[in-house]
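Student: here is a sequence with its predicted model. Questions after.
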Amino acid sequence: MEQTKYFEEYEIGASRVTNGRTITETDFVVHAGHTGDFFPHHMDAEFMKTQRFGQRIAHGTMVFSIGVGLTASVINPVAFSYGYDRMRFVRPVFIGDTIRTRVTITAKEDDPKRAGHGRVVERTEVINQKDEVVLAADHIYVVERRPQAA
């Protein structure tokens, strides 16, 4: 869905939660193939039986990718992603877990590099089926300011 939203329209504290997505073994295999990360923590069930979590854990980069992808249901044509800061892998994600993403506007500021734009910071939290945060990051958008009336 496309929704034009200018810098002035973002409200600190505004929040939304995405639909859920269950993590599968296929996700693990495909992500390992894409990234080359075949560490036993993700791919060796027998090894992981001897480790702290007792089972394979999802690649943090996979959880991030899927979690961010879940937020892509709203497209703002006057905004673009500037990047992510302060990413943390808070808890492990396992095969069979269902994740969803909560985004909350936490800050707005002028963009020092671009006249007519501002920066919006959106706290991105990937949450499991137990409502536990498993990944957190700050997503920074560069957003156009509302055009001035002539």
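Tutor: Arrived safely, thanks for sending. Please read all numbers here as calculations on a predicted model, not as lab measurements.

Student: just give the number of residues close to the residue nearest to residue 31 when sequence neighbours are not counted.
Tutor: Nearest non-adjacent residue to residue 31, counting by CB to CB, 6 or more residues apart in numbering: residue 62, 4.1 Å away. (Glycine included, C-beta is placed from N, CA and C.) Using other CB atoms under 10 Å as the criterion, residue 62 is surrounded by 20 other residues.

Student: give the buried residues for the helix or strand containing residue 62.
Tutor: Using DSSP states H and E, residue 62 sits within helix 60-70. Within helix 60-70, the residues scored as buried using 16 or more other CB atoms under 10 Å are 60, 62, 63, 64, 66, 67, 68, 70.

Student: just checking, what packs against it?
Tutor: helix 25-35, strand 79-89, strand 98-110, strand 117-127, strand 133-144 (3 or more CB pairs under 8 Å, 6 or more residues apart in numbering; DSSP states H and E).

Student: between strand 117-127 and the second one, find me the angle.
Tutor: It stands for strand 79-89. Angle of strand 79-89 versus strand 117-127, following axes from the mean of the first three to the mean of the last three CA atoms, to 10 degrees, is 40 degrees.

Student: the residue nearest to the spatial centre of the chain and residue 10, how far apart?
Tutor: Central residue of the chain (CA atoms, centre = their mean): residue 68, 3.3 Å from the mean position. Note on residue 68: its distance to residue 10, by CB to CB, to the nearest Å, is 18 Å.
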